[in-house]
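Novice: Fold the following for me, if possible:
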Amino acid sequence: MQKRLVRCRLALLLAGGLLIGCTEPIEQQATPVPGAARVLALGDSYTIGQGVAEDARWPVQLTARLRAHGIAINAPEIIAKTGWTTDDLTRAIKQLQPRGPYDLVTLLIGVNDQYGGRDVKEYRPRFRALLQQAITLAGGRAAHVIVISIPDWSVTPFATRFDPAEIATEITRYNAVNREEADRDGVPYIDITPNRARQRATAGCSPMMGCIRRRRCTTRGCS
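Specialist: Numbering: from 1, shown residues only. Below you'll find the model as predicted:
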């Protein structure tokens, strides 16, 4: 299992392109294949993808890469919706009651809390509670959860309606919190946010309005 987990982390890095955008509510569940790994992706509009085919969504790309690495894996289950905050995701998990344990749970949430003006101090306990839920859904195995940083939408055309510098500062603060909480619980963390110059060259989206851009991301950033 540990070897499988290492390969899962590698494949997530290789899967690269986070597809950022908005869509209708979605909760995908395929009939599980006995013995195959199960993946649950929790998030907001960044977890789906507006205007792209289903197989272009990053959780779907992830499972495709895992299969390419020889891992038997079911179609990903995705719980996400346009505009969701941490509160919305919490309610959705309670309503949908996904059945663990999952072999891998990903968590990317917070941009709409920031967009809505929520103080980062209010974000921390809400994110912490979601992270604990993610760990529980992974069978209590923190190493089987991955937290993904919030992309910096200050580099997008949509952000010019606001104060891009302030947005960038707030996103940095939010990501400091989710990284700290991940580190506290021993949860792997993937930072896709750091290189704003490269993001600016490829961005074309907002947290509330759709975008279809694809970025290849590694631990060194996105391009």
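Novice: Pass me the low-pLDDT residue ranges in the chain, would you?
Specialist: Within the chain, the stretches with pLDDT under 70 are 1-30, 50-52, 195-223.
Novice: And the strands in it?
Specialist: In the chain, the segments counted as strands under DSSP state E are 26-27, 39-43, 77-80, 104-108, 145-148, 189-190, 217-218, 221-222.
Novice: Pipe those strands into a markdown table and attach mean neighbour count and distance to residue 182 per row.
Specialist: Quick note: C-beta positions are derived from backbone N, CA and C, even for glycine. A markdown table is the format used below for those (neighbours: other C-beta atoms under 10 Å; distance: least, C-beta to C-beta, whole Å):
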| stretch | mean neighbour count | distance to residue 182 |
| --- | --- | --- |
| strand 26-27 | 14 | 24 |
| strand 39-43 | 25 | 14 |
| strand 77-80 | 23 | 19 |
| strand 104-108 | 26 | 9 |
| strand 145-148 | 25 | 4 |
| strand 189-190 | 18 | 4 |
| strand 217-218 | 20 | 17 |
| strand 221-222 | 20 | 18 |
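Novice: Now render these as CSV, adding distance to residue 91.
Specialist: Compiled in CSV, the strands of the chain are given as follows (distance: least, C-beta to C-beta, whole Å):
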stretch, distance to residue 91
strand 26-27, 13
strand 39-43, 12
strand 77-80, 11
strand 104-108, 16
strand 145-148, 20
strand 189-190, 25
strand 217-218, 29
strand 221-222, 30
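Novice: Would you tell me which of those strands gets closest to residue 135?
Specialist: Set against residue 135 and scored by C-beta to C-beta, the strands of the chain come closest in strand 145-148, at 5.5 Å.
Novice: so how many other residues sit close to residue 45?
Specialist: Using other C-beta atoms under 10 Å, residue 45 has 27 neighbouring residues.
Novice: ugh, wrong one, I meant residue 62
Specialist: For residue 62, the neighbour count with other C-beta under 10 Å is 24.
Novice: Is it in contact with residue 47, as I believe?
Specialist: No: Residue 62 lies out of contact with residue 47 (C-beta atoms under 8 Å); the separation is 10.9 Å.
Novice: which residues do the two both contact?
Specialist: 41, 106 (C-beta atoms under 8 Å, 6 or more residues apart in numbering).
Novice: so how far is residue 191 from residue 71?
Specialist: Separation of residue 71 from residue 191 (C-beta to C-beta, to the nearest Å): 24 Å.
Novice: Sorry, slip of the keys, the one I care about is residue 174.
Specialist: Per C-beta to C-beta, residue 174 is found 12 Å from residue 191.
Novice: Neighbour count for the two, which is higher?
Specialist: residue 174 (24 against 19).
Novice: Which among the strands of the chain is found nearest to residue 157?
Specialist: Closest approach to residue 157 among the strands of the chain (C-beta to C-beta): strand 221-222, 17.3 Å.
Novice: Next one: the residue nearest the centre of the chain from residue 155, what distance?
Specialist: Nearest residue to the geometric centre of the chain (C-alpha atoms, centre = their mean): residue 108, 2.9 Å. According to C-beta to C-beta, residue 108 and residue 155 sit 17 Å apart.
Novice: just residue 122 next, same as before
Specialist: Residue 122 is 25 Å from residue 155, by C-beta to C-beta.
Novice: The two - which one has more neighbours?
Specialist: Ranked by neighbour count (other C-beta under 10 Å), residue 122 and residue 155 place residue 155 first, with 22 against 12.
Novice: That one against residue 165, yeah?
Specialist: No: applying C-beta under 8 Å, one finds residue 155 not in contact with residue 165, separated by 11.3 Å.
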